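Asks: What follows is a predicted structure for the sequence shown.
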Amino acid sequence: MRRHLLALLAVLGALVAQDARTQDVWAQDAGAQEPVRVGLILPLTGPFTSTGRQIEAGARLYMREHGDTVAGRKIELIVKDDGNVADATKRIAQELVINEKVSVLAGFGLTPLALATAPIATEAKVPQVVMGAATSIITERSPFIVRTSMVTTQITVGIAEWAPRNGVKRVVTLVSDYAPGIDIEKAFISRFKASGGEVISELRVPLANPDFAPFLQRVRDAKPDALFVFVPAGVGAIFMKQFVERGLDKSGIRLIGTGDMTDDDILNGIGDVALGLTTSHHYSAAHPSETNRKFVAAFKAANNGLRPNFMGVGGYDGMALIYKALAATKGNTDGQALVDAMRGMKWESPRGPISIDPDTRDIVQNIYVRRVEKVDGELYNVEFATYEAVKDPLKVRN
């Protein structure tokens, strides 16, 4: 009797174990069928509509080219407009995590929007892929933030080193008075002085409804060799108009800056007054690579002739990072697993070779010095010098 009872218990144990294994397989199969939802939060109305439009177009182009399935998991893109309001961004991110069960939060055109979402990414353990915002501190606000756009301090490296070697010794700086502008001002001044230059005046212009005229008069009075400028993407046309109206284009004062001022999205609209303007940045639609030529052609074809800018490539590479991380985890959407997969990842972007710094989770990329030239009747930022594999200067460990 005892032997029969033990045999019966053994059979029952085997059946229970088999049933558990079967349920586990079923659970895995069910999980494999669940879509991976990516919440893309962007300013699609208001003054920064072009930023959101470019990032969304870049993300959708990557999906169109690479399909909507990775490691057996279908990818669903859920796009939300935050209207460039930080409180709205935070609320939308919460709704996407709780109600839509997104596996990744992405987008974030400006710094306040990215910072508003950081606590949600941390609490929910959901990766936050920043495709636009550029202030240095962003990746420090959550261990789940990874960036594919740029760092403001990063893009000053080229022009700050090139200018003193090319006849620009005395400079006035003029930046928009908000976090990215202040970051850029500090980074440019530090590198420019270290390269032998002198900064004779530092000007900060209000971000909202900027009137550059009184500041430009102060520049004229100071008579520097050059004026270094940073303004947000989209404001460059306003600045250039006032620069010409005040006659500084004929004053002998050279104009240098970061590539936001000659953004590919607005460059033709600025007109020939931009010819010869020298900037440094991480992307130009004229970047001379086959990867970029294909990207620009496909982007234009998908968006009624719209030329991609640095925000567009940030969205494209952000989606590339998400796809590559999912492939590395074999479809596992655990937040920590995805972020770990993203660390150290490298690939060839339309902008050139890029990678994710495994320590800071920030992008490492080439910075190019460019000059505005006319190519086939259109204005482009034509690159002529390269600084390779530039990290955020504020986070470089000695």
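Replies: Everything's here; your move.
Asks: What residues sit buried inside stretch 204-220?
Replies: Across stretch 204-220, burial judged by 16 or more other Cβ atoms under 10 Å covers 205, 207, 210, 212, 215-216, 219. Quick note: C-beta positions are derived from backbone N, CA and C, even for glycine.
Asks: check contacts around the closest residue to Arg246 other than its chain neighbours.
Replies: Excluding the flanking residues, the one nearest Arg246 by Cβ to Cβ, 6 or more residues apart in numbering is Leu216, at 4.5 Å. By Cβ atoms under 8 Å, 6 or more residues apart in numbering, Leu216 lies in contact with 242-243, 246, 248.
Asks: give me the low-pLDDT residue ranges for the protein?
Replies: Counting by pLDDT under 70, the chain has low-confidence residues at 1-33, 234, 397-398.
Asks: buried sites along stretch 279-293?
Replies: 279-287, 292.
Asks: Ok, stretch 359-370 next?
Replies: 360-370.
Asks: And the contacts of Leu216, which of them are buried?
Replies: Here, 16+ other Cβ under 10 Å leaves 243, 246, 248 buried among the contacts of Leu216.
Asks: Name the residues of the helix or strand harbouring the first one that are buried.
Replies: Secondary-structure element containing Phe243, defined by DSSP states H and E: helix 236-245. Residues of helix 236-245 classed as buried by neighbour count (16+ other Cβ under 10 Å): 236-240, 243.
Asks: next one: stretch 297-317
Replies: 298-299, 302-303, 306-317.
Asks: With stretch 328-339 instead?
Replies: Applying 16+ other Cβ under 10 Å to stretch 328-339 flags 328-329, 331, 333, 335, 337-339 as buried.
Asks: same thing with stretch 341-361?
Replies: So, applying 16+ other Cβ under 10 Å, buried residues of stretch 341-361: 341-342, 345, 349-352, 354-357, 360-361.
Asks: isn't Phe215 right next to Leu203, touching?
Replies: Yes. Phe215 is within contact range of Leu203, at 5.0 Å (criterion: Cβ atoms under 8 Å).
Asks: got any residues that touch both of those two?
Replies: Joint contacts of Phe215 and Leu203 (Cβ under 8 Å, 6+ apart) are Leu174.
Asks: so where do the strands sit in the stretch 201-350 of the chain?
Replies: With DSSP state E, counting those that start in this stretch as the criterion, the stretch 201-350 of the chain has strands at 226-230, 254-258, 278-281, 346-349.
Asks: among the ones you listed, which is nearest Lys391?
Replies: With Cβ to Cβ as the measure, strand 346-349 is the member of the strands of the stretch 201-350 of the chain nearest Lys391 (13.3 Å).
Asks: Which residue comes closest to the residue positioned nearest the centre of the chain once chain neighbours are left out?
Replies: What sits nearest the mean C-alpha location of the chain, by Cα atoms, centre = their mean, is Ser149, with 1.7 Å. In space, and not counting its chain neighbours, Ser149 is closest to Gly314: 3.9 Å by Cβ to Cβ, 6+ apart.
Asks: Also Phe48?
Replies: Asn84 (5.0 Å).
Asks: State the number of residues packed around the one you found.
Replies: Neighbour count for Asn84, taken as other Cβ atoms under 10 Å: 21.
Asks: Ok, the one 4 residues further on next?
Replies: A count of nearby residues for Ala88, using other Cβ under 10 Å, gives 17.
Asks: buried residues in the helix or strand it falls within?
Replies: Using DSSP H and E, Ala88 sits within helix 86-98. By neighbour count on 16+ other Cβ under 10 Å, the buried set for helix 86-98 is 86, 88-90, 92-93, 96-97.
Asks: same check, this time on stretch 122-138
Replies: Within stretch 122-138, the residues that count as buried by 16+ other Cβ under 10 Å are 122, 124, 126-136, 138.
Asks: Then stretch 97-107?
Replies: 97, 102-107.
Asks: Export these to CSV and append columns for distance to Phe144 and secondary structure.
Replies: As requested, the buried residues of stretch 97-107 are exported to CSV (distance: Cβ to Cβ, whole Å; DSSP: H, G, I helix; E, B strand; the rest coil):
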residue, distance to Phe144, secondary structure
Val97, 11, helix
Val102, 13, coil
Ser103, 12, coil
Val104, 10, strand
Leu105, 9, strand
Ala106, 12, strand
Gly107, 15, strand
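Asks: closest to Gly259 among the residues you listed?
Replies: Closest approach to Gly259 among the buried residues of stretch 97-107 (Cβ to Cβ): Gly107, at 20.7 Å.
Asks: ok so the residue nearest to Phe48 is a helix residue?
Replies: No. Under DSSP: H, G, I helix; E, B strand; the rest coil, Asn84 falls outside any helix and is assigned coil.
Asks: what about the nearest residue to Asp260 once chain neighbours are set aside, neighbour count?
Replies: For Asp260, ignoring the flanking residues on the chain, the nearest one in space by Cβ to Cβ, 6+ apart is Ala233 at 4.9 Å. Look at Ala233: counted by other Cβ under 10 Å, it has 22 neighbours.
Asks: my guess is Ala233 meets Thr262, correct?
Replies: No. Counting by Cβ under 8 Å, Ala233 does not reach Thr262; the two are 10.0 Å apart.
Asks: Give me the common contacts of the two.
Replies: Counting by Cβ under 8 Å, 6+ apart, nothing touches both Ala233 and Thr262.
Asks: count of neighbours near Arg73?
Replies: By other Cβ under 10 Å, neighbour count at Arg73 equals 21.
Asks: For Ala133, which three-state class applies?
Replies: coil.
Asks: Return the closest of the buried residues of helix 86-98 with respect to Lys169.
Replies: The nearest one, if we look at the buried residues of helix 86-98 relative to Lys169 and count by Cβ to Cβ, is Ala86, at 40.8 Å.
Asks: For that closest one, list the residues it contacts.
Replies: Ala86 sits in contact with 112-113, 115-116, where contact means Cβ under 8 Å, 6+ apart.
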